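Enquirer: need coordinates for the following:
(2 chains)
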Amino acid sequence: MAIIIDLDVMLAKRKMKSSELANAIGITPQNLSVLKAGRAKAIRFSTLDAICQHLDCQPGDLLRYDTQDHNEL
Amino acid sequence: MKKIIWMSNIILTLLLLSLLTMLITTVIVLISDTPLLNFSQENGTNMWIGLEVSGSWASAAKQLTQNNFNAVIWLGLLQLLPFILINIILIRLFYLYRQGLFFNPKNISCFTWLGTVLLAQFIIVAIYPALLFTLLNYVTGSGLGRMVSINDTDIIGLLAGLIIYVIAWVMKQAHQLQQEQELVI
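Expert: Residues are numbered from 1 along each chain as shown, chains lettered A, B, ... in the order given. The predicted structure is shown next:
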């Protein structure tokens, strides 16, 4: 997937644990793990909104487009 | 969800009863001289259990009987076989529904098998008497007139088989959608 999720980077910057964020935004730790690992097929705007709100960041801080990854596909 | 499980329990019970009846019928045909066991009583209660060749094979059965062959053994058991298979597949399907599994590869395989059995039933109905009569004529020298007989019930069975195949494909699509949905966070 050419879209990279930088959620772990943002979590580290905010010194927050995955489980804390999962609890705060109302999704299961397993689903957050799927998102972090880049195995998710899509992300709901409501989830993105909640993550941005709790990590005090922009969607662009979480999502990144990697051209090299796209070429590998 | 509760409705599906509740109704599946009822259907499962009926299917098990139906399968039991079919198996009893098969045993009766295999071990007794008469294909129909009559339990009718003098007070007017009519009850019998057994197997009769019906539908498009009725005329073939008549020919066999006239030539001193046991029509129930030669035709009846094969006529019953698809129903036993359909029953077993449906029992498996509703057992899965009872467990709360709806868009599962196992359910899809049940639908595919159901469609296959119905299509195979149509083909068997169409060609089996002719093949059997050819074989019997060759082996015993009896002059059985070969026939291909298909009635509207068989055509409905064929149609149902094709429809069930399409349902299996739709179920496959639903399964893929469900899998994708599980990965939407």
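Enquirer: now for chain B, the helix or strand with the poorest mean pLDDT.
Expert: For chain B, the helix or strand with the lowest mean confidence is strand B:36-38, at a mean of 74 (criterion: mean pLDDT, DSSP states H and E).
Enquirer: nearest residue to A:Asn31 other than its sequence neighbours?
Expert: B:Ile185 (5.0 Å; C-beta to C-beta, 6 or more residues apart in numbering or on different chains). (C-beta placed from N, C-alpha, C; glycine too.)
Enquirer: skipping adjacent residues, who's closest to B:Ile84 in space?
Expert: Spatial nearest neighbour of B:Ile84, excluding adjacent residues (C-beta to C-beta, 6+ apart): B:Met22 at 5.2 Å.
Enquirer: any idea which element the one you found lies in?
Expert: Element membership for B:Met22, per DSSP states H and E: helix B:2-31.
Enquirer: spell out which parts of chain A neighbour chain B.
Expert: Residues of chain A that fall close to chain B, judged by C-beta under 8 Å from any C-beta of the partner chain: A:Ile27, A:Asn31, A:Leu32, A:Val34, A:Leu35, A:Arg39, A:Ala40, A:Lys41, A:Ala42, A:Ile43, A:Arg44, A:Thr47.
Enquirer: for A:Arg14, see how far away B:Thr153 is.
Expert: Here the criterion is C-beta to C-beta, to the nearest Å. By it, B:Thr153 lies 70 Å from A:Arg14.
Enquirer: hmm, I typed the wrong one, I wanted B:Met147.
Expert: Using C-beta to C-beta, one gets 82 Å for the distance from B:Met147 to A:Arg14.
Enquirer: same question, A:Gln53
Expert: The gap separating A:Gln53 from A:Arg14 is 12 Å, by C-beta to C-beta.
Enquirer: residues near the residue nearest to B:Ile84, how many?
Expert: B:Met22 has 17 neighbouring residues, counting by other C-beta atoms under 10 Å in any protein chain shown.
Enquirer: now B:Leu135
Expert: The number of residues packed around B:Leu135, counting by other C-beta under 10 Å, is 11.
Enquirer: residues in contact with the residue of chain B found nearest chain A?
Expert: Ranking the residues of chain B by distance to chain A (C-beta to the nearest C-beta) places B:Leu183 first, at 4.0 Å. B:Leu183 makes contact with A:Val34, A:Arg39, A:Ala40, A:Lys41, A:Ala42, according to C-beta atoms under 8 Å, 6 or more residues apart in numbering or on different chains.
Enquirer: what do you get for A:Lys36?
Expert: A:Ile5, A:Leu7, A:Asp8, A:Ser18.
Enquirer: is it true that the residue nearest to A:Asn31 touches A:Leu48?
Expert: No - proximity of B:Ile185 to A:Leu48 does not meet the contact threshold set by C-beta atoms under 8 Å, at 9.2 Å.
Enquirer: show me what contacts the residue in chain A that chain B sits nearest to?
Expert: Closest to chain B within chain A is A:Lys41: 4.0 Å, counting by C-beta to the nearest C-beta. With contacts defined as C-beta under 8 Å, 6+ apart, the neighbours of A:Lys41 are B:Glu180, B:Leu183, B:Val184.
Enquirer: from B:Ala174, how far off is it?
Expert: For A:Lys41, the distance to B:Ala174 - C-beta to C-beta - is 16 Å.
Enquirer: before we move on, what about B:Ile86?
Expert: 22 Å.
Enquirer: repeat that for B:Glu182.
Expert: With the distance defined as C-beta to C-beta, B:Glu182 ends up 13 Å from B:Ala174.
Enquirer: for residue 48, grab the count of nearby residues.
Expert: Since no chain was named, I'll use chain A. Burial measure for A:Leu48: 16 neighbouring residues, criterion other C-beta under 10 Å.
Enquirer: chain B was what I was after
Expert: Residues near B:Trp48, counting by other C-beta under 10 Å, number 11.
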